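Colleague: Predicted model follows, preceded by the sequence.
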Amino acid sequence: MASLAFIDKEKTQKKYARDCTHADKCKDFYCQTPNCPAIVRIRALDSVVRPPYFREKSDEFKHSEYCHPPKLNAFTPSEYDEDAFVFDDEMEKLFNLQQNSTPKKGNHQYRNGICNRRFLSGLLNIYNMCRETDVDGMYNNYEVKKMLCDCRSNFFYKNGIYGKKIVECRYLENNDEKRSIFFQYPIDPTYKNQHGIKAFFEDRELYKLIKAMVIDRGNLPIVIAGDWGKDKFIEDLFYCRIKNKRQIQLPSV
Ligand SMILES: [Zn+2]
């Protein structure tokens, strides 16, 4: 249910669903994920209950097994106060939240007793915002490709993954002794810039909990918020420390 698609087969020019008109109704569009063969069409142009979105033209032109556009309404820009978004602060919050604290869902802002737009926070919300925004675009002056490592931004990660980032990857294996889980970035093996991903857990119980969560995930995406660095011993392996279960999430597909 993507909000963005390419208008040409060569995938050089993009268009948001919200900018489409009736003239686009019978046109073929192409999935915004570079190696995905899906052909999509604009839907819900006249709907009063949902914004327009792109959907597969038919079963013949499906997304690849690695491409999972966000669910409908996964991110509604008008609900959030974009100017208040500070990516690094939100990442720090994910690393430092107390294990048992209740997540602040929404963080509503109140002005004159009226509830206004919310602050964008929480791993899945930020991930969905990035997925629904042009990979070459920005959100409050933060470049999407620098916040989320997915298939679309793979061209940017030739030399590896460093600093605070959200990584979309798939499960590979785990090592109980070293309290580490290994993943592959990106989830689709046909991309050029392949990197190994290691999540290291200080806490054994947290390791067990996350391992149980990701072990049967197959090719479906897993998202990890980390402060990434290069492994000292293994070539092309990037690692982060997981201190909090909110750093790893499974997006619904
Ligand atoms: Zn696709």
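Modeller: Nice, I can see it.
Colleague: C-alpha from now on. contacts and neighbour counts both.
Modeller: OK.
Colleague: Strand partners (parallel or antiparallel) of the helix or strand that contains residue 228?
Modeller: Secondary-structure assignment from DSSP states H and E places residue 228 in strand 222-230. Applying DSSP bridges, strand 222-230 is found paired with strand 163-175 (antiparallel), strand 237-242 (antiparallel), strand 248-249 (antiparallel).
Colleague: out of these, which comes closest to residue 135?
Modeller: Nearest of the strands paired with strand 222-230 to residue 135, taken as CA to CA: strand 163-175 at 13.4 Å.
Colleague: in that closest one, what's buried?
Modeller: Residues of strand 163-175 classed as buried: 164, 165, 166, 167, 168, 169, 170, 171, 172, 174 (neighbour count, 16 or more other CA atoms under 10 Å).
Colleague: ok, the first one touching residue 224?
Modeller: No: using CA atoms under 8 Å as the test, residue 164 is too far from residue 224 to be in contact (10.4 Å).
Colleague: what does the stretch 1-150 of the chain put close to the ion?
Modeller: Within reach of the ion by CA under 5 Å from the ion, the stretch 1-150 of the chain has these residues: 31, 36, 63, 67.
Colleague: among these, which two are most distant?
Modeller: Farthest pair in those (CA to CA) is 31 and 67. Separation: 9.1 Å.
Colleague: Please identify which of the strands paired with strand 222-230 is closest to the ion.
Modeller: Judged by CA to the ion, the one of the strands paired with strand 222-230 that comes nearest to the ion is strand 163-175, at 14.8 Å.
Colleague: How many neighbouring residues does the residue in the chain that the ion sits nearest to have?
Modeller: Of all residues in the chain, the one sitting closest to the ion is residue 63 (4.0 Å; CA to the ion). By other CA atoms under 10 Å, 21 other residues sit near residue 63.
Colleague: The nearest residue to it once chain neighbours are set aside: what's it in contact with?
Modeller: Spatial nearest neighbour of residue 63, chain neighbours left out: residue 38 (4.6 Å); criterion: CA to CA, 6 or more residues apart in numbering. Shown in contact with residue 38 (CA atoms under 8 Å, 6 or more residues apart in numbering): 30, 31, 56, 61, 62, 63, 64.
Colleague: Buried only: go through these for me.
Modeller: Those of those that meet the buried threshold are 30, 31, 56, 62, 63, by 16+ other CA under 10 Å.
Colleague: per the record, what domains does the chain have?
Modeller: 4-61, 146-249 (automatic domain parsing).
Colleague: Just send these back as a markdown table, with mean pLDDT too.
Modeller: As requested, the domains of the chain are exported to a markdown table (pLDDT from 0 to 100):
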| stretch | mean pLDDT |
| --- | --- |
| domain 4-61 | 95 |
| domain 146-249 | 97 |
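Colleague: hang on, residue 182 in a helix?
Modeller: No: assigned with DSSP: H, G, I helix; E, B strand; the rest coil, residue 182 falls outside any helix and is strand.
Colleague: Stretch 131-147 spans what distance, first to last residue?
Modeller: 11 Å (CA to CA, to the nearest Å).
Colleague: I misspoke; the intended subject was stretch 207-223.
Modeller: So stretch 207-223: terminal residues 16 Å apart, CA to CA.
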